[in-house]
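Visitor: only geometry, no sequence info:
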């Protein structure tokens, strides 16, 4: 015991150096362990936030419920409005905000194949759609667009009649595809797109026995009823999109359709 005391007394500087080194090592170990713990905590927090973002998202499902039209005399011409009753329902876990709904018809049989016909007064705007809530809108095509759709239906009908006569084993020609597109944001400002494309099978006169609508038969007082293909044969997709993508869609809409909102205040 005395020898240890003597050693310490005779080597105070060395003992102090050793103690300082030990304290330094302990401090380094503590700092490293604290850094690792902080990193782990931060990573866990980020993963938790990421998982919450993935789990709690709005999910808009668009559907087309009814197709109807009417023709009426404007004294200078026959005006036709072909209306699509559309539903957009939020089946997700969070509210959808800044919801814009667009309606197009994709031509299938005309010379300008795959071209889009724009509905009138789009986009339709809803400030928000809560969880489990839905909104209904009537979006219509005007006379020129109506006639394009009828022409596409007429062409596909003629082709299908010819195909039945010559090669009935082949798939039938399809009519115009009706595209219902919805752009919306989550509560964190991320944009999403839900898009339904469903074929319009036929457009008939209602209540007068005339059958399928033809452009040359359109007259004042006519009313029409359309039938869509079974939804199980339709295409529904959802994806995350950028804000620039949304701006481009809105600008394109402004070029081709009469819009119901100011394009400078859309996004």
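Guide: Received, thanks. Being a predicted model, the structure only gives us computed values, none of them experimental.
Visitor: Can you give me the domain assignment for this protein?
Guide: What automatic domain parsing lists as the domains of the chain is 2-54, 57-265.
Visitor: Dump those to TSV, plus mean neighbour count and mean pLDDT.
Guide: For every residue, glycine as well, the C-beta is placed using N, CA and C. Formatted as TSV, the domains of the chain follow (neighbours: other CB atoms under 10 Å; pLDDT from 0 to 100):
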stretch	mean neighbour count	mean pLDDT
domain 2-54	10	62
domain 57-265	16	89
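Visitor: dump the residue contacts of residue 224.
Guide: Shown in contact with residue 224 (CB atoms under 8 Å, 6 or more residues apart in numbering): 68-71, 82, 203-206, 213.
Visitor: Give me the subset of the residues you listed that lies in helices.
Guide: Residues of the contacts of residue 224 located in helices (DSSP state H): none.
Visitor: In JSON lines, list those residues along with distance to residue 57.
Guide: Listed next are the contacts of residue 224 as JSON lines, based on distance: CB to CB, whole Å:
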{"residue": "68", "distance to residue 57": "34"}
{"residue": "69", "distance to residue 57": "36"}
{"residue": "70", "distance to residue 57": "39"}
{"residue": "71", "distance to residue 57": "43"}
{"residue": "82", "distance to residue 57": "34"}
{"residue": "203", "distance to residue 57": "37"}
{"residue": "204", "distance to residue 57": "40"}
{"residue": "205", "distance to residue 57": "44"}
{"residue": "206", "distance to residue 57": "41"}
{"residue": "213", "distance to residue 57": "41"}
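Visitor: In this structure residue 223 contacts residue 69, no?
Guide: Yes. Residue 223 lies in contact with residue 69 (CB atoms under 8 Å); the separation is 6.8 Å.
Visitor: Identify the contacts common to those two.
Guide: With CB under 8 Å, 6+ apart as the test, residue 223 and residue 69 reach no residue in common.
Visitor: hey, where'd the strands end up in the protein?
Guide: Under the criterion DSSP state E, the chain contains strands at 60-73, 78-90, 96-106, 116-118, 124-129, 134-141, 177-185, 191-205, 223-228, 235-241.
Visitor: Out of those, flag the one nearest residue 166.
Guide: Smallest distance to residue 166 across the strands of the chain (CB to CB): 21.6 Å, for strand 191-205.
Visitor: packing partners for that closest one?
Guide: Other elements packing on strand 191-205 under the criterion 3 or more CB pairs under 8 Å, 6 or more residues apart in numbering; DSSP states H and E are strand 60-73, strand 96-106, helix 143-166, strand 177-185, strand 223-228, strand 235-241, helix 243-256.
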